[in-house]
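**Student:** model the following, please.
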Amino acid sequence: MRVLVTGVSGFVGGHLAEHLLDSGDLVVGLSARGVWPKELAHLSRQVRIEPCDLAEASESDLVDLIGRKQPEAIYHLAAQANPQASMADPRGTWALNLGGTLNLLEAVKATGLPLKVVLVGSGVSYGNPGPEHLPVSESCPLRPNNPYAASKAAADLLGIQQYLSHGTDVVIARPFNHAGPRQGANYVLGGLARQVAEVELGRRARIEVGNLDVVRDFTDVRDVVRGYRLLAQKGASGEIYNLGTGQGTKIADALAILTSLARAPIEVYVDPARVRPVDQPLLVADSTKLRAVGWAPAFSIEQTLADMLQYWREIVARET
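**Tutor:** Just a heads-up that it's a prediction; the model follows:
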């Protein structure tokens with residue numbers, strides 16, 4: 001299958017490109033910077049990356065690009081994907097997450113090509129569901145509480161509107177928290193794994209954490225990208241599919257797993273500055289709908305955290 005991946009140079013985009021290549025797909029990527037980061041340099045041999053900022057691109061340029069590449073599927077991952085960063089830059093977040101999606105879908109419509117768009121939303125768009133909505137199914141009301149969540153919810157609605165109004169073949173994936181090797185330290189598990197690696201090497205005396213009582217449904221990124229490809233193959237047009245393990249993990253328990261793997265004693269300090277002003281206490285997915293088309297997670301949280309810690313050990317060891 002010929003595929004186009006927006007946001008290919010990001011954390012999830014890199015893993016998706018690897019999975020697609022392993023599955024025999026021909027992959028072209030879009031990235032605002034148009035270059036591979038060092039940790040994804042190996043992909044440059046098989047994946048051509050095109051510079052394209054979806055928030056700024058004209059429809060004619062996008063139509064030309066899609067027409068030249070002739071993809072059978074587009075995976076739309078390009079986004080400002082950090083909720084905390086969205087609080088600092090709401091306008092930029094909306095411009096890319098909603099405006100970029102509108103630019104892409106309008107270009108897809110204009111080409112008239114029979115292709116499928118896998119539009120990646122976010123489970124945080126559900127906000128802070130009441131106990132009657134847990135675990136969270138696709139019928140749960142959307143109550144986003146930060147610009148990232150709101151802009152992703154709006155992009156989902158845009159995808160549904162494009163399907164209903166124009167017949168665009170859009171399927172929406174709504175992943176919950178995910179993690180895995182190469183995840184940045186600006187995300188909770190990536191940050192904890194990096195800090196543990198730094199303590200092991202004597203680079204810091206302790207690790208600093210925020211709210212450890214938060215419960216999240218963490219899915220390994222390698223399972224997440226398998227779900228995306230499955231939706232490109234079997235997802236129903238105009239439908240939304242939650243993607244998550246269905247199991248909640250308290251941050252304190254994830255930290256306990258990491259400290260049990262550590263090669264040195266770990267002192268933990270709760271830093272009030274790391275506690276978010278808006279933090280859902282519990283968010284767990286009901287992914288029954290996605291499981292019905294053949295998806296199931298393969299990685300345990302223990303394996304995910306072990307792989308993340310090993311990744312950060314290698315990164316920290318190379319730093320001077």
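
**Student:** hey, let's count contacts and neighbours off CA atoms from now on
**Tutor:** Will do.

**Student:** shaky segments in this structure?
**Tutor:** 276-280, 320 (pLDDT under 70).

**Student:** how about the helices in this protein?
**Tutor:** 11-22, 59-69, 83-88, 90-94, 101-111, 147-166, 188-200, 221-234, 251-261, 288-291, 301-318 (DSSP state H).

**Student:** possible to save those helices as CSV with mean neighbour count and distance to Val268?
**Tutor:** CSV is the format used below for those (neighbours: other CA atoms under 10 Å; distance: least, CA to CA, whole Å):
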stretch, mean neighbour count, distance to Val268
helix 11-22, 20, 27
helix 59-69, 15, 49
helix 83-88, 16, 22
helix 90-94, 19, 32
helix 101-111, 20, 41
helix 147-166, 21, 29
helix 188-200, 23, 10
helix 221-234, 21, 27
helix 251-261, 17, 9
helix 288-291, 18, 37
helix 301-318, 18, 17
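
**Student:** OK, contacts around the closest residue to Leu16 other than its chain neighbours?
**Tutor:** Spatial nearest neighbour of Leu16, chain neighbours left out: Val225 (5.2 Å); criterion: CA to CA, 6 or more residues apart in numbering. Listed by CA atoms under 8 Å, 6 or more residues apart in numbering, the contact set of Val225 reads 12, 15-16, 19.

**Student:** please apply the same query to Ala32.
**Tutor:** Residues in contact with Ala32 (CA under 8 Å, 6+ apart) are 7, 51-54.

**Student:** those in strands, which ones?
**Tutor:** Secondary-structure check on these using DSSP state E: residues within strands are Pro51.

**Student:** chain neighbours aside, what residue packs nearest to Gly99?
**Tutor:** Excluding the flanking residues, the one nearest Gly99 by CA to CA, 6+ apart is Ala55, at 5.7 Å.

**Student:** neighbours of the one you found, how many?
**Tutor:** Using other CA atoms under 10 Å, Ala55 has 22 neighbouring residues.

**Student:** so how far is Asp89 from it?
**Tutor:** Here the criterion is CA to CA, to the nearest Å. By it, Ala55 lies 14 Å from Asp89.

**Student:** Gly210 now?
**Tutor:** 22 Å.
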